[in-house]
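Colleague: model this:
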Amino acid sequence: MEIRVYYEDTDAGGVVYHSNYLKYFERGRTEFLREKGLSVGDLAQRGHVFPVVHLDIDYRSPALHDDLLRVETEVLEVGKTSFTLGQQVVRALDGKLLADGKVKLVCVGPGMKAKRLPEELLQVLKEQD
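Modeller: Numbering: from 1, shown residues only. Below is the predicted model of the structure:
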């Protein structure tokens with residue numbers, strides 16, 4: 001998935017503000033699932049919500065105003081109720097790694113109680129694992 005850096009994404013020095021990478025990762029996860037035929041909204045309507053329970057991120061190099069970025073997502077681990085994805089933000093022009101992250105999400109239902117991953121999601125994740 002590609003994202004253009006706009007002025008609103010940057011700090012006073014024209015560098016992407018660190019918290020915006022979390023938004024980029026979120027969009028990357030959503031589009032990763034969409035490409036596999038799954039909608040986060042549809043899953044939520046059926047009672048499957050996926051909060052982030054752990055996130056590690058390393059900032060390698062700054063993204064700047066007007067850069068075109070690519071968010072890459074891969075499956076690292078799949079459990080009964082959770083899954084872990086590796087995500088990277090790369091500058092599209094030169095392929096330079098800008099941010100590298102690992103995010104764990106857990107499936108919850110009403111009352112934020114952990115529940116098994118839905119079968120259609122499990123199949124998609126295991127295909128990529």
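Colleague: pull the CA atoms of the strand or helix carrying Arg27 into CSV?
Modeller: Assigning secondary structure by DSSP states H and E places Arg27 in helix 20-35. Output in CSV follows, covering the C-alpha atoms of helix 20-35 (Å, rounded to 0.1, in the frame of the first residue of the first chain):
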residue,chain,number,x,y,z
ASN,A,20,2.0,9.1,12.3
TYR,A,21,3.8,5.8,11.6
LEU,A,22,1.2,4.1,13.8
LYS,A,23,-1.5,5.4,11.5
TYR,A,24,0.5,4.2,8.5
PHE,A,25,0.8,0.8,10.1
GLU,A,26,-2.9,0.7,10.8
ARG,A,27,-3.8,1.5,7.2
GLY,A,28,-1.3,-1.1,6.0
ARG,A,29,-3.0,-3.8,8.2
THR,A,30,-6.4,-2.8,7.0
GLU,A,31,-5.4,-2.9,3.3
PHE,A,32,-3.5,-6.1,3.8
LEU,A,33,-6.7,-7.8,4.9
ARG,A,34,-8.7,-6.0,2.2
GLU,A,35,-6.4,-7.4,-0.5
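Colleague: What is it packed up against?
Modeller: Counting contacts by 3 or more CB pairs under 8 Å, 6 or more residues apart in numbering; DSSP states H and E, the secondary-structure elements packed against helix 20-35 are helix 40-45, strand 52-59, strand 68-78, strand 82-91, strand 97-106. In this view, the C-beta of every residue, glycine as well, is placed from N, C-alpha and C.
Colleague: from the middle of its chain, how far away would that helix be?
Modeller: Average the C-alpha atoms of helix 20-35, do the same for its chain, and the two points are 4 Å apart (CA atoms, centre = their mean, to the nearest Å).
Colleague: May I see the buried residues of it?
Modeller: 20-21, 24-25, 28-33 (16 or more other CB atoms under 10 Å).
Colleague: Mean confidence (pLDDT) on that helix, please.
Modeller: Helix 20-35 carries an average pLDDT of 98.
Colleague: Ok, stretch 53-69 next?
Modeller: Stretch 53-69 comes out with an average pLDDT of 98.
Colleague: I'd like the buried residues of helix 20-35 laid out as a markdown table, including distance to Tyr6.
Modeller: Conversion of those to a markdown table gives the following (distance: CB to CB, whole Å):
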| residue | distance to Tyr6 |
| --- | --- |
| Asn20 | 10 |
| Tyr21 | 14 |
| Tyr24 | 12 |
| Phe25 | 17 |
| Gly28 | 17 |
| Arg29 | 21 |
| Thr30 | 19 |
| Glu31 | 18 |
| Phe32 | 22 |
| Leu33 | 25 |
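Colleague: Okay then, goodbye and thanks.
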